[in-house]
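Engineer: Need a 3D model of the following:
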Amino acid sequence: MKKLLAVISLLLCAVTAQAQDQLHLYNWNNYLAPETAKRFEAYCKCELVQTYYGDNEEMLAKLAAGARGYDLIVPTGNALQSLIKQGALQPLDKSKLPNLKNIDPRYLNTDFDKGNVYSVPYAYTITLIGYNDQKIKQLGVPVDSWATIFDPRILVKLKGRVTVLDSANELMAAALKYLGYSVNDTNVQHWQQAKDVILKAKPYWAAFNATSYIKELAVGNIWLVHGYSNDIFQADQDAQKAGRPFRIKAALPKEGAVLALDNMVIPKGAPRPDLALKFINFMLDGKNSAELTNLIGSGNPNAAAMQYIKPAIAKDPAIFPDKATSAKLEMLKDLTGPQRRARNLIWTEIRAE
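Structural biologist: Numbers count the residues shown, from 1 in each chain. Coordinates of the predicted model:
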């Protein structure tokens with residue numbers, strides 16, 4: 001009997017140890033290189049358990065509904081701002097983050113989290129224009145401006161071959177930039193002007209598409225998109241692998257665009273904040289950080305990563321824009337409740353007409 005109890009006790013201890021040595025990461029899909037994940041598990045002698053979301057709203061809604069048990073989340077700036085306002089995050093113990101020195105200062109101390117009390121930059125994407133170089137060259141369509149997706153005189157050449165993101169924030173931001181305003185302009189009259197621009201262009205678009213546009217670009221069904229830089233990179237990779245006679249290229253509009261900076265944060269109530277800090281510092285290592293960029297073409301705020309990034313990616317201006325272009329990039333800010341309701345009403349009208 002004593003032996004049986006001893007065995008049961010050992011098993012319970014093993015189960016408890018196994019449960020304790022897990023890091024629960026709530027992240028964007030395909031936002032951590034598999035080899036990096038394996039290396040971290042070997043480093044921390046723990047299991048990395050990943051759960052995924054498709055956009056910030058989905059993540060925020062799940063947390064608001066009471067989802068718990070996550071040790072680490074990777075929100076974009078405006079969602080980070082919302083989580084801080086809600087008091088949902090733990091301050092970071094920076095004494096456990098010596099690799100924080102590797103982050104380019106341009107990506108620190110943002111309006112979302114002054115002093116980086118709660119967050120550490122992870123990666124970024126830029127919302128821009130992706131296009132089939134063969135078709136666009138044949139048609140003589142310019143791709144240096146948001147006019148390419150909003151001006152009917154240009155769109156008439158592309159009718160039915162253009163998609164835009166199914167995102168109120170992103171599409172309104174592009175329209176506002178096209179009109180010469182900030183992506184964070186909250187003037188309702190300017191929002192109405194943006195709505196008018198969108199509705200005039202809408203008949204020429206094939207769809208609002210935030211999911212399958214990578215595939216549609218890669219196979220040649222769609223010739224031009226309003227999309228994310230890392231998705232455009234993926235579409236080009238897929239087209240090359242399939243031996244397509246065209247390349248998928250990216251263009252940053254001269255008016256400017258949205259830069260979305262994703263950040264690592266520890267929610268309040270995280271079961272293993274110690275492992276979360278280990279992961280953050282691990283990902284701040286240049287080599288580990290570079291693997292994500294090499295995998296999906298994400299922008300990288302880690303200066304120490306540049307030496308490990310493939311030269312073709314490091315030289316791509318759509319992923320690593322020069323200083324003049326970077327100055328025209330803006331991060332979306334969180335809206336107030338009334339502003340969000342007004343924006344949602346405009347978006348409902350856009351989708352319905």
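Engineer: contacting residues for residue 72?
Structural biologist: When contacts are counted by CB atoms under 8 Å, 6 or more residues apart in numbering, residue 72 is found next to 23, 24, 25, 26, 27, 264, 265, 266, 270, 276, 279, 280. From N, CA and C alone the C-beta is placed, and that goes for glycine too.
Engineer: quick check, nearest of those residues to residue 249?
Structural biologist: residue 27 (28.0 Å; CB to CB).
Engineer: From the contact counts, what lies against the helix or strand hosting that closest one?
Structural biologist: Mapping residue 27 onto the secondary structure by DSSP states H and E places it in strand 22-28. Helices and strands touching strand 22-28, as assessed by 3 or more CB pairs under 8 Å, 6 or more residues apart in numbering; DSSP states H and E, comprise strand 47-53, strand 72-73, helix 273-283.
Engineer: Report the angle between the biggest strand by length in the chain and strand 22-28.
Structural biologist: Taking residue count as the measure and DSSP state E as the definition, the longest strand of the chain comes out as strand 120-132. With axes from the mean of the first three to the mean of the last three CA atoms, to 10 degrees as the criterion, the two stretches strand 120-132 and strand 22-28 enclose an angle of 40 degrees.
Engineer: Beyond strand 120-132, next helix or strand please.
Structural biologist: Once the chain leaves strand 120-132, the following helix or strand, as judged by DSSP H and E, is helix 133-139.
Engineer: contacts for the following helix or strand past that next one?
Structural biologist: Toward the C-terminus, helix 133-139 is succeeded by helix 147-150 as the next helix or strand (DSSP H and E). Contact with helix 147-150 is made by 129, 141-142, 154-155, 162, 164, 174-175, 178, 197-198, 200-201, 205, 224, 226, 253, as judged by CB under 8 Å, 6+ apart.
Engineer: Any regions of the chain where pLDDT drops low?
Structural biologist: Counting by pLDDT under 70, the ranges of the chain that qualify are 1-20.
Engineer: where do the strands sit along it?
Structural biologist: If DSSP E is used as the criterion, the strands of the chain fall at 22-28, 47-53, 72-73, 120-132, 162-164, 207-208, 224-228, 248-251, 257-264, 329-330.
Engineer: Compare the ones you listed and give me the one nearest residue 340.
Structural biologist: Between the strands of the chain, strand 257-264 lies closest to residue 340; by CB to CB that is 17.2 Å.
Engineer: do you know how far the residue nearest to residue 193 when sequence neighbours are not counted is from residue 148?
Structural biologist: Across the structure, with CB to CB, 6 or more residues apart in numbering as the measure, the residue nearest residue 193 apart from its sequence neighbours is residue 179 (5.7 Å). For residue 179, the distance to residue 148 (CB to CB, to the nearest Å) stands at 15 Å.
Engineer: between those two, which one's more packed in?
Structural biologist: Applying other CB atoms under 10 Å to residue 179 and residue 148 shows that residue 148 carries more neighbours, namely 23 against 16.
Engineer: Please tell me how far the more buried one sits from residue 324.
Structural biologist: Relative to residue 324, residue 148 is positioned 20 Å away (criterion: CB to CB).
Engineer: just residue 35 next, same as before
Structural biologist: If you measure residue 35 against residue 324 using CB to CB, the figure is 35 Å.
Engineer: just residue 28 next, same as before
Structural biologist: 29 Å.
Engineer: still on that earlier bit, could you pull up the residues touching the residue nearest to residue 193?
Structural biologist: For residue 179, the residues meeting the contact criterion (CB under 8 Å, 6+ apart) are 190, 193, 194, 197.
Engineer: In JSON lines: the residues you listed, plus distance to residue 135 and neighbour count.
Structural biologist: Putting the contacts of residue 179 into JSON lines (distance: CB to CB, whole Å; neighbours: other CB atoms under 10 Å) gives the following:
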{"residue": "190", "distance to residue 135": "33", "neighbour count": "17"}
{"residue": "193", "distance to residue 135": "30", "neighbour count": "17"}
{"residue": "194", "distance to residue 135": "27", "neighbour count": "24"}
{"residue": "197", "distance to residue 135": "24", "neighbour count": "21"}
